[in-house]
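Student: I would like the atomic coordinates for the input below:
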Amino acid sequence: MRIGLAGSFAILAALLPMHAVALECRDYSIQEAYWYYKSQPESYILVRGAFTDVRRKGGSGAQPLLAARFIGHKASRRAFDQPFETEVILHLPDNSLNILVDENGNLLSDYDPIKRAQELLGVTGLIWFEQTAEGYKAEEGLCWPLIDSDPLSVKQALRCLNGRYCPEE
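Tutor: Prediction:
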C-alpha cells in the first residue's frame, strides 16, 4: 500500500491530539530577569556565589523539600563584594519533557530533583533569592536558569541594580 505525502500528513494529523500546546521560551537575559523580579509582589535579592551541602529537608516522593547552603556575595555599587552566606530552600519542579505514563494512566517522570540539586553544587553565578518569612528560597524556572553562570551578566546586573543603563526588553 502506497501513501502519498498528503496522505502521510493526514494520518499523522489524525494521531496527534486535537489541542497541542507549544512552549516557547524567550532567550534569557539578566536585564529581563531584573525587570521581572522587580515587578513581583514578593521581595527578591540578587547574589553571586554557589550552593554547597544540598540535603533533603522534608517533603515526599518525587517532590522532596531540599535545602542548600549558599556561600557568596551581595552587590555593592561596584561589585558583588559583600560576603553573604545563608541556608536556602531549593524549589526544583519537574520541568523535564521526559514524561512517562504507568499502566493506570498516571503521569510519571524520570526527573530526579535530588540529582538536579547535586548538579548545581559548585556552579558559581548570579542567583535570585526570594525573601520569605522563613528565610530565602531559590526556584528553578522552566525557561530561565536557576544559576546564571555567564560572567558577562555580572556587569549588566550591577548596572541594573544601581539604576544605570538597563533596558526593559
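Student: when you work out contacts or count neighbours from here on, use the C-alpha atoms and nothing else.
Tutor: Fine.
Student: mind listing what's buried along stretch 83-94?
Tutor: 87-94 (16 or more other Cα atoms under 10 Å).
Student: which strand or helix spans I45?
Tutor: strand 43-60 (DSSP states H and E).
Student: now do the buried residues in that strand.
Tutor: 44-52, 54-55.
Student: tabulate those (TSV), appending distance to Y36.
Tutor: Below are these laid out as TSV (distance: Cα to Cα, whole Å):
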residue	distance to Y36
Y44	10
I45	12
L46	12
V47	16
R48	18
G49	21
A50	22
F51	23
T52	27
V54	27
R55	29
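Student: so where is the chain shaky, pLDDT-wise?
Tutor: 1-24, 59-63, 94-112 (pLDDT under 70).
Student: can we see that at 50?
Tutor: The model of the chain has pLDDT under 50 over residues 1-21, 97-99, 107.
Student: how about the helices in it?
Tutor: 5-15, 30-39, 113-120, 152-161 (DSSP state H).
Student: same question for the third one: list its buried residues.
Tutor: Of the residues in helix 113-120, those with enough neighbours to count as buried (16+ other Cα under 10 Å) are 113-114, 117.
Student: what does the last one give?
Tutor: Within helix 152-161, the residues that count as buried by 16+ other Cα under 10 Å are 153-154, 156-161.
Student: that one packs against which elements?
Tutor: Contacts defined by 3 or more Cα pairs under 8 Å, 6 or more residues apart in numbering; DSSP states H and E place helix 152-161 against helix 30-39.
Student: could I get the helix it packs on in CSV with only the CA atoms?
Tutor: Output of helix 30-39 as CSV, limited to C-alpha atoms (Å, rounded to 0.1, in the frame of the first residue of the first chain):
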residue,chain,number,x,y,z
ILE,A,30,19.8,39.3,33.1
GLN,A,31,18.0,42.6,32.2
GLU,A,32,14.8,40.7,31.6
ALA,A,33,15.2,38.8,34.8
TYR,A,34,15.9,42.0,36.7
TRP,A,35,12.7,43.7,35.4
TYR,A,36,10.7,40.5,36.0
TYR,A,37,11.8,40.2,39.7
LYS,A,38,11.4,43.9,40.3
SER,A,39,7.8,43.7,39.2
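Student: next, the angle from that helix to strand 43-60.
Tutor: Calculated by axes from the mean of the first three to the mean of the last three Cα atoms, to 10 degrees, helix 30-39 forms an angle of 80 degrees with strand 43-60.
Student: what residues sit buried inside helix 30-39?
Tutor: Buried residues in helix 30-39 (16+ other Cα under 10 Å): 30-34, 37.
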